[in-house]
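Peer 1: Structure for this input, please:
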Amino acid sequence: MKLVQGLGHLAEGRHAKGTLIITEGAVLEEWILIDSGVVSLCARVAGMEVAVATLWRGDVIGWDSPLGREQARFDVRAMGEVRTLRLPAGQAPQIHAQMAAATEARLQQQIFMRLAGNGLQRLVSVLATLAAALTEAAQRLPPSLALPLVQGSLGDLSGLSRRQTWIYLGQLSQAGWVRTTRTRVLLDGLDAWLALPAEIEREGLACIATLELCTAALERLSRGTAEIRALTPVARSSASAR
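Peer 2: Have a look, this model is predicted:
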């Protein structure tokens, strides 16, 4: 990662899926960079852990970050295998500030979606965010993606009840974009899911306001990515430049 080159030795941490990397209320004595993998930020509500956001490669979760300046405001839990890099608090302030600002923007975008969108918009945004996070370092994209979260946790991230989550996932499943079992949620048409955030940024939340509009957007994006893949390398480069 270019920003951390030249910093010398960084302490490395490796965290298995489900590991609690930072505990809510803990004193933050290091700034911690996510070098690979995905984490969930969770709040404790009535004795339960509720997922509120997702962060991934390039995000800062330690001292003086959106997690908190000196004390953690959330639990941070690994959603899969996670590698972190650590420096003592206060070192490399310029680099840290850049990374913290990018993390803050990513976090605020997720919070905005949670507040501004309807139930379907919030869930679809969470699914697209997870697709981007979980494939960020992939060399080749699989046709489908198994999410490391059960339906209840997806509901927490979306601000939905379990029943609402189940209903919306069922609708997306009937439309062919999601498959669900009792323990797994899989995204189909992954190229379209990955292109969806940029589409929302261009067209606004209205483009996923209903199941019909959301399906139309995903179908349009799926056709577009298929056309780009079908181009020769030279033509693909020209199309991308446009």
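Peer 1: Now do the longest helix anywhere in the chain: distance to the chain's middle.
Peer 2: The helix that spans the most residues within the chain, counting by DSSP state H, is helix 93-116. Put simply, helix 93-116 sits 12 Å off its chain's centre (CA atoms, centre = their mean, to the nearest Å).
Peer 1: and the helix or strand that comes right after it with helix 93-116, angle?
Peer 2: Using DSSP states H and E, the helix or strand that directly follows helix 93-116 along the chain is helix 119-135. Interaxial angle of helix 119-135 relative to helix 93-116 (axes from the mean of the first three to the mean of the last three CA atoms, to 10 degrees): 150 degrees.
Peer 1: so where is this protein shaky, pLDDT-wise?
Peer 2: 1-9, 92, 137, 226-242 (pLDDT under 70).
Peer 1: Okay, buried residues for stretch 127-137 please.
Peer 2: L127, A128, T129, L130, A131, A132, A133, L134, T135 (16 or more other CB atoms under 10 Å). Placement of C-beta: from N, CA and C, glycine included.
Peer 1: circling back to that earlier point, using CSV, write out the CA atom coordinates for the longest helix of the chain.
Peer 2: C-alpha atoms of helix 93-116 as CSV (Å, rounded to 0.1, in the frame of the first residue of the first chain):
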residue,chain,number,x,y,z
PRO,A,93,0.4,11.9,11.6
GLN,A,94,0.0,13.1,8.0
ILE,A,95,-0.4,9.6,6.6
HIS,A,96,-2.7,8.7,9.5
ALA,A,97,-4.9,11.8,8.9
GLN,A,98,-5.3,10.9,5.2
MET,A,99,-6.4,7.3,6.0
ALA,A,100,-8.7,8.4,8.8
ALA,A,101,-10.4,10.9,6.5
ALA,A,102,-11.0,8.2,3.9
THR,A,103,-12.4,5.8,6.6
GLU,A,104,-14.7,8.6,7.9
ALA,A,105,-16.1,9.2,4.5
ARG,A,106,-16.8,5.5,4.0
LEU,A,107,-18.4,5.2,7.4
GLN,A,108,-20.5,8.3,6.9
GLN,A,109,-21.7,7.1,3.5
GLN,A,110,-23.0,3.9,5.2
ILE,A,111,-24.7,5.9,7.9
PHE,A,112,-26.3,8.2,5.4
MET,A,113,-27.8,5.3,3.5
ARG,A,114,-29.1,3.9,6.8
LEU,A,115,-30.9,7.2,7.5
ALA,A,116,-32.0,8.3,4.0
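Peer 1: how is this structure carved up into domains?
Peer 2: 2-113, 117-241 (automatic domain parsing).
Peer 1: can you map out the strands along this protein?
Peer 2: For the chain, strands defined by DSSP state E occupy the ranges 11-15, 20-22, 30-36, 38-45, 48-56, 75-78, 82-88, 144-147, 178-180, 185-188.
Peer 1: For those, give me JSON lines that also has mean neighbour count.
Peer 2: Below are the strands of the chain laid out as JSON lines (neighbours: other CB atoms under 10 Å):
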{"stretch": "strand 11-15", "mean neighbour count": "14"}
{"stretch": "strand 20-22", "mean neighbour count": "18"}
{"stretch": "strand 30-36", "mean neighbour count": "22"}
{"stretch": "strand 38-45", "mean neighbour count": "20"}
{"stretch": "strand 48-56", "mean neighbour count": "20"}
{"stretch": "strand 75-78", "mean neighbour count": "22"}
{"stretch": "strand 82-88", "mean neighbour count": "18"}
{"stretch": "strand 144-147", "mean neighbour count": "17"}
{"stretch": "strand 178-180", "mean neighbour count": "18"}
{"stretch": "strand 185-188", "mean neighbour count": "20"}
